[in-house]
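> sequence below, structure please.
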Amino acid sequence: MARAIRFAVVGLGMGKGRSEVCRGTPGAELAAVCDLSEERGREAERDWGVPSTTSYDELLARDDVDVVGLWTPSGSHAAMAVQALRAGKHVCMTKPMDINTAACDAAIHEAESRGLLLAVDFEQRYRPWNQQVKAAIDAGAIGDLLLADLRMKWYRAQSYYDSGYPQSWRSRLDTEGGSLANQAVHFLDLMLWWVGEPERVAGRRGTLSHDIQTEDGAAAVIQFKNGVVGSVLTTTCSFPHLGSELTLSGRWGTLTWNDSDGVTDFRHLPAERRSGSDAFRSETGPTAEPGDLDACPQPPAVPENIFADMVSALQRGTALQCDGREARRAVALFEAVYAASDRGAWVEVS
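Numbers count the residues shown, from 1 in each chain. Okay, the predicted model is just below:
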């Protein structure tokens, strides 16, 4: 049997739960942890029997670590990834890849030049029903896509921004983006994965309710290269918390997804009734019928989580679900929305 892939987790806030996932993943081994808090490190040593350190350099010097996993403030991801890659370690990290594309590009270059893996943990990609949506769209289940509409209406108290380690990192521009880059980036990634490449954006952002440097509300219009028009509305000021919803409209149907229930509405004109249809000439058009994702072409099985993904890639040479170049797309999108808001003009997504 292949040797277990040895992971080190950096950042034991969110990383604590991810460490538990690592420990429960076949083929993965939690080899070490790193956190600025000595107390968190001692808890890891006691609970999991793994060495801990507060020094990132000390962690990178270990010869019993194959992959460094980063669950640290967003603005630190790419720079810390570059350090790990230069130390000969593969890297996985929580979303977003970073808060600007220049930092992402440096990490991508470092990984590719050294032949090392660089992956980003967009958890939604590991969910089978989201893989089913991707397969259904690619198979034309709702026809050629026309519109994509993302609405994320979340609530975050001021205490959320004031907390964290280091304290208040979520509220500062140098360590975090706002509702787009932090919360909505999961759904921006889904939109890009399902719809395609964005060409240009117009947008507005603002700090509506919280005492923070980042935005807590944003809106954008996206022109995709394939002709799809997208809209995005995100906020952390919505009381009550209403969750997130993404609706895709195609020529022959509509699919609606939310972050609580998955696909909540899938209606389409069956393929056998599309040929020669007069849908756009009649007053109401033909009647859409309930769709069944299980009747669409089924995607291949994917790893259950980022650790299983890395294990499969390293042991069997499979492609990562979201490598650095793929993850960069969401950063380029929210970076362009921020620039469009600042300039008051359309901005190309690069």
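> how about the helix or strand where Asp149 lies: buried residues?
In the assignment (DSSP states H and E), Asp149 maps to strand 145-153. Neighbour counts over strand 145-153 (16 or more other Cβ atoms under 10 Å) mark Leu145, Ala148, Asp149, Leu150, Arg151, Met152, Lys153 as buried. C-beta: built from backbone N, CA, C; applies to glycine.
> check stretch 152-167 too.
The neighbour-count check on stretch 152-167 (16+ other Cβ under 10 Å) flags Met152, Lys153, Trp154, Arg156, Tyr161, Gly164 as buried.
> JSON lines please, covering those residues and showing distance to Glu38 and pLDDT.
Shown next, in JSON lines, are the buried residues of stretch 152-167 (distance: Cβ to Cβ, whole Å; pLDDT from 0 to 100):
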{"residue": "Met152", "distance to Glu38": "36", "pLDDT": "98"}
{"residue": "Lys153", "distance to Glu38": "39", "pLDDT": "98"}
{"residue": "Trp154", "distance to Glu38": "33", "pLDDT": "98"}
{"residue": "Arg156", "distance to Glu38": "29", "pLDDT": "97"}
{"residue": "Tyr161", "distance to Glu38": "25", "pLDDT": "95"}
{"residue": "Gly164", "distance to Glu38": "17", "pLDDT": "85"}
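> from those, pick the one nearest Val337.
Closest approach to Val337 among the buried residues of stretch 152-167 (Cβ to Cβ): Met152, at 13.1 Å.
> just list whatever residues bridge to Val263.
Going by DSSP bridges, Val263 is paired in beta bridges with Trp257.
> that one: what's it in contact with?
The contact partners of Val263, taken as Cβ atoms under 8 Å, 6 or more residues apart in numbering, are Trp129, Val133, Leu255, Thr256, Trp257, Leu293.
> against Met14, how distant is it?
Using Cβ to Cβ, to the nearest Å, Val263 is found at 27 Å from Met14.
> re earlier: what's the farthest-apart pair in the buried residues of strand 145-153?
Leu145 and Lys153 (23.4 Å).
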